[in-house]
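> make a model of this:
(chains A, B and C)
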Amino acid sequence: MATLKELAALVGGKVVGDEQLEVTRVAPLGAARPGDVTFVASPKHLAGLKGTQASAVILFPGADSGPLPAIVCDNPYLAFAKVLTHLQVRRPAPRGILPGAQVAGSAQLAADVTIHPGCVVGERVCVGAGTILYPNVVIYDDVVIGDDCTLHAGVIVREGCRIGHRVILQPGAIIGSDGFGFAPDGERYFKIPQVGIVEIEDDVEIGSATCVDRAALGVTRIRRGVKIDNLVQIAHNVVVGEDTVIVAQVGIAGSTEIGRHCTFGGQSGTAGHLKIGDHVTVGGRGAVAGHVQSKKIISGTPAIDHQDWLKASLVFAKLPELRREINRLKRQLDELTDKMKES
Amino acid sequence: MATLKELAALVGGKVVGDEQLEVTRVAPLGAARPGDVTFVASPKHLAGLKGTQASAVILFPGADSGPLPAIVCDNPYLAFAKVLTHLQVRRPAPRGILPGAQVAGSAQLAADVTIHPGCVVGERVCVGAGTILYPNVVIYDDVVIGDDCTLHAGVIVREGCRIGHRVILQPGAIIGSDGFGFAPDGERYFKIPQVGIVEIEDDVEIGSATCVDRAALGVTRIRRGVKIDNLVQIAHNVVVGEDTVIVAQVGIAGSTEIGRHCTFGGQSGTAGHLKIGDHVTVGGRGAVAGHVQSKKIISGTPAIDHQDWLKASLVFAKLPELRREINRLKRQLDELTDKMKES
Amino acid sequence: MATLKELAALVGGKVVGDEQLEVTRVAPLGAARPGDVTFVASPKHLAGLKGTQASAVILFPGADSGPLPAIVCDNPYLAFAKVLTHLQVRRPAPRGILPGAQVAGSAQLAADVTIHPGCVVGERVCVGAGTILYPNVVIYDDVVIGDDCTLHAGVIVREGCRIGHRVILQPGAIIGSDGFGFAPDGERYFKIPQVGIVEIEDDVEIGSATCVDRAALGVTRIRRGVKIDNLVQIAHNVVVGEDTVIVAQVGIAGSTEIGRHCTFGGQSGTAGHLKIGDHVTVGGRGAVAGHVQSKKIISGTPAIDHQDWLKASLVFAKLPELRREINRLKRQLDELTDKMKES
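Numbering: from 1, shown residues only, chains lettered A, B, ... in the order given. Predicted structure coming up:
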């Protein structure tokens, strides 16, 4: 529970109406009930305020909340996230090593970690303060994990990988599995040992069943603030730049380097050994086949300029018609040519 | 083992030949041996009956099984599935909480559950009668699981999610991981807490390593009878309607609502916030970019009418030829225009 | 540590320079330090030798290593893999059944296996000599696993599946989950029991979170030497031929048979019930919709000849221009036709 005054201070906003009003929960316009604070981030949803049962609203500047108390701020969506975090997220109190967890004698665990049952923590592993390992997490030998991390159930981190602070690994994320490397030996393949590691920097989140492969030699690197969704494949020796966002089921092939603050839409992908600049956006399902300069927006297979792709896709749907048109032109032209000859 | 008479009763069919004949196993035409019952669901496979060693056949009406005893019924494929289930599937006897499982004191388990070693069951979890948790399943706090469910090894269900009756979760399925939601905060991203849940209704099956994300606020809902294959991504706040089938590696983006009895082909996907009607079919690899009316069949990226896509794809392969044709026409036309000017 | 002489013998190469020189590690040109051996597999990287700090180089025949001692051999990339394996890969010593592993009484384990904590091994399971099960691996009843296999953490192998020798399963790989089979029963679906198995032959490697479904009836078969990357879906009753390589996020639909020594690029896929010959290459993101003859190289959705696809894709990007060109031609032609009529 918090007063509007407290919440306004939290989000850098201004209260319009009763500052001492207390709210307990955040809820969307339609689902909100008395005691809830709701939010309107854009003018198009403003009309929905009329019927809401919410007790207060987080609102963009210049909007009229009517009789409803409001917190007015420049970025209501961000404010919504902060208020929701403040009101409804509690990090569980540290519980130490719980029965049924197996921690190697040489592992160094901060005093206030929580290691749930079924976890297996290898030799010489370091786990920082406040970090939680949910049940059945497996940490191989020589892994380093920073402070205040959350490793959800079933996460696996293989040998020697390094994880920064405040990193969140959703259930079943797999860090440091072998890269996919084989040297042809006649018709057969000889495994190239993958002796590198994965390094995940601070404030990264990685989705469920997402795989980040260890480098063949050297490091696969996920830089500060990167957010990766579920079922994504990050191959060996990839580098993902700061604050880049990768949506579900994307595949980044080996040794590709992605700049900072890029966005990869769902099910997109890249070939290997590419350089992708900063602030690049790859549309959903886009397949990047070559290097990409900063700030480009691209789509398609292979990916081209997004606007060009949109226009070409519209014509694609009309290809049969276009072909008929060409055939008509051809007939018309041939007739005309014949007539010319006759005359 | 069962007699043809018993099996005919089971599937609503009629025996042609020896009703008391006993069969023990179901096998396809080519692999069947004496004692097996095989099946022919369509006329095109009828010729295969000649060489079969099967002792009996499940057959569609009007077909001639020759000397082979037959069970004739309207839906031989369904009958095959029912007979196979009857002859060869035995649900293991309940075994209780096995050594090496960790069940919280406040969890409420029906008497005849089976909880295998390595399972971790959280506080206030309810598990219904006859449900089996295979090894290393993790159930977070406050989850409710119905009767006669099967949760295969390594399944993870996060806090507060609800699962109906007769639900099957294949190995490594992940239910209730955080949805992928972040509010931009300058160049960085602020995590939007995902405080909703997942609700899975009765008779749903979910494939291996498939992820169903919890709602940001509210509920991600998988309705009765939905069947989802492996490695599928269901994002936060999605609703999947009754009896919809989703094949492997499909991705459904956030807040999209899918109607009942739809079919999504393998590796297809949808953008977010879409409404997709009932009985919609999305072809394999199709990418749905807009709302879809009921009964549409669509394919392509972005998805268009399936027949239109098929025709356009044929022309696509001939695009270089088409361009040459256009250039030829252009030359021919220019020559003609020149001639006209001369004359 | 090894001398160049020893390493040359290992790879079938010839030493140029000091045979007794000892190296301890393999490193790429740029990262190598004194004591390392580096490698140059093609002329285009030869210039990089100038600045390297490596003590020796693995080199292709006819290249000049300057003053640097070299191992000259026909296949430097393969030699690199072999030297890296020799210098830097040690299989851990066998440790038996570690505390916290649960092995059924009827399981038959070779003397020198290693079964880590959290593993659950079912009834009548056989595990061969030298095989390692990392933590939290689950082996259902009646599974057979050969010698010298490595099953990484969280791997699940369901009932009755068979795994050959020297098989590597990366973390979270799922073998033998139910195939996706349902018989329509009015508007609902009736589950077809999946009573077949998966058979994985010798020297196969399977990636993280990759799923290989058990056959409905019979066997899903992964033949000798197949290499499969992460997050791949292999559906029920598929056969993958010897030495075929399948890159990440590929989906092979049910009952498709793939020949030997094929290559599937990332995110590609096939429809079901197809026959794909030997030495077929499917480009990244390619969607195979029909049977494919041996040695074909195909790409696109649906997949066509790779060169045709490349050319058509170039024209695709110019489709709006092409349509404008057609419209211009049409106008020009209509004008000409009108003029003809007038004259």
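
> now do the same contact list for the residue lying farthest from the centre of chain A.
Within chain A, A:Ser343 marks the point farthest from the mean C-alpha position, 70.5 Å out by CA atoms, centre = their mean. Not one residue lies near A:Ser343 by CB atoms under 8 Å, 6 or more residues apart in numbering or on different chains. The way it works is simple: take the backbone N, C-alpha and C, and place the C-beta from them, glycine included.

> kindly report the same for A:Glu187.
The contact partners of A:Glu187, taken as CB under 8 Å, 6+ apart, are C:Asp243, C:His261.

> on the pLDDT front, check the closest residue to A:Arg224 other than its chain neighbours for me.
Leaving aside its sequence neighbours, A:Arg224 sits nearest to A:Glu201 (CB to CB, 6 or more residues apart in numbering or on different chains; 4.3 Å). Listed pLDDT for A:Glu201 reads 98.

> so how far is the helix or strand hosting A:Tyr77 off the chain centroid?
Using DSSP states H and E, A:Tyr77 maps to helix A:76-88. Relative to its parent chain, helix A:76-88 has a centroid offset of 19 Å by CA atoms, centre = their mean, to the nearest Å.

> before we move on, what about stretch A:182-202?
Distance, centroid of stretch A:182-202 to centroid of chain: 26 Å (CA atoms, centre = their mean).

> equivalent analysis for stretch A:15-26, please.
A distance of 32 Å separates the centroid of the chain from that of stretch A:15-26, by CA atoms, centre = their mean.

> and if you look at stretch A:72-87?
Distance of stretch A:72-87 from the chain centroid (CA atoms, centre = their mean) equals 20 Å.

> same check on stretch A:204-212?
Distance, centroid of stretch A:204-212 to centroid of chain: 9 Å (CA atoms, centre = their mean).

> what mean pLDDT does it have?
For stretch A:204-212, mean pLDDT rounds to 98.

> tell me how far the ends of it are from each other?
13 Å (CA to CA, to the nearest Å).

> can that stretch be said to contact chain B?
Yes: judged by CB under 8 Å from any CB of the partner chain, stretch A:204-212 and chain B are in contact via A:Glu205, A:Gly207, A:Ser208, A:Ala209.

> mark which of those are part of strands, please.
Those of the residues of stretch A:204-212 next to chain B mapping onto strands are A:Glu205, per DSSP state E.

> which of the residues of stretch A:204-212 next to chain B has the most neighbours?
Counting neighbours by other CB atoms under 10 Å in any protein chain shown, A:Ser208 leads the residues of stretch A:204-212 next to chain B with 34 neighbours.

> my guess is that one contacts B:Ser177, does it?
Yes: at 4.1 Å, A:Ser208 counts as touching B:Ser177 under the criterion of CB atoms under 8 Å.

> mutual contacts of those two, please.
Overlap of the contact sets of A:Ser208 and B:Ser177 (by CB under 8 Å, 6+ apart) consists of A:His152, A:Gln170, A:Pro171, A:Gly172, A:Asn230, B:Cys211, B:Asp213.

> distance between stretch A:135-151 and the chain's centre?
Per CA atoms, centre = their mean, the centroid offset for stretch A:135-151 relative to its chain is 20 Å.

> quick one: mean pLDDT for that stretch?
98.

> go on, stretch A:226-235?
What stretch A:226-235 shows for mean pLDDT is 98.

> how about the residues of the stretch 51-200 of chain A by chain C?
Counting by CB under 8 Å from any CB, the stretch 51-200 of chain A sits next to chain C at A:102, A:118, A:120, A:136, A:138, A:140, A:154, A:156, A:158, A:172, A:174, A:177-178, A:180, A:182-185, A:187-193, A:195.

> err, the stretch 201-343 of chain A, not the other one
Checking the stretch 201-343 of chain A against chain C by CB under 8 Å from any CB, the hits are A:209, A:211, A:213, A:217-218, A:231, A:233, A:235, A:249, A:251, A:253, A:267, A:269, A:271, A:287, A:300-302, A:304, A:308-309, A:311-312, A:314-316, A:318-319, A:322, A:325-326, A:329, A:332-333, A:336, A:339-340.

> try 6 Å this time
Counting by CB under 6 Å from any CB of the partner chain, the stretch 201-343 of chain A comes close to chain C at A:209, A:211, A:217, A:233, A:251, A:253, A:269, A:287, A:301, A:304, A:311-312, A:315, A:325, A:329, A:332-333, A:336.

> among those residues, name the buried ones.
By neighbour count, with 16 or more other CB atoms under 10 Å in any protein chain shown, these hold A:209, A:211, A:217, A:233, A:251, A:253, A:269, A:287, A:301, A:304, A:311-312, A:315, A:325, A:329, A:332-333, A:336 as buried.

> which of these fall in helices?
A:Lys311, A:Ala312, A:Val315, A:Glu325, A:Leu329, A:Gln332, A:Leu333, A:Leu336 (DSSP state H).

> could you dump those to CSV with pLDDT?
Shown next, in CSV, are these (pLDDT from 0 to 100):
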residue, pLDDT
A:Lys311, 97
A:Ala312, 98
A:Val315, 97
A:Glu325, 95
A:Leu329, 93
A:Gln332, 92
A:Leu333, 91
A:Leu336, 89
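
> thinking again about what came up before, touching the helix holding A:Tyr77 from outside, list them.
Residues outside helix A:76-88 that contact it (CB atoms under 6 Å, 6 or more residues apart in numbering or on different chains): A:7, A:10-11, A:26, A:39, A:41, A:58, A:60, A:73, B:183, B:185, B:190, B:192-193, B:195.

> if you set the cut-off to 7 Å instead, what comes out?
A:2, A:7, A:10-11, A:13, A:24-26, A:37, A:39-41, A:58-60, A:71, A:73, B:183, B:185, B:190, B:192-193, B:195 (CB atoms under 7 Å, 6 or more residues apart in numbering or on different chains).

> cool, thanks, talk later.
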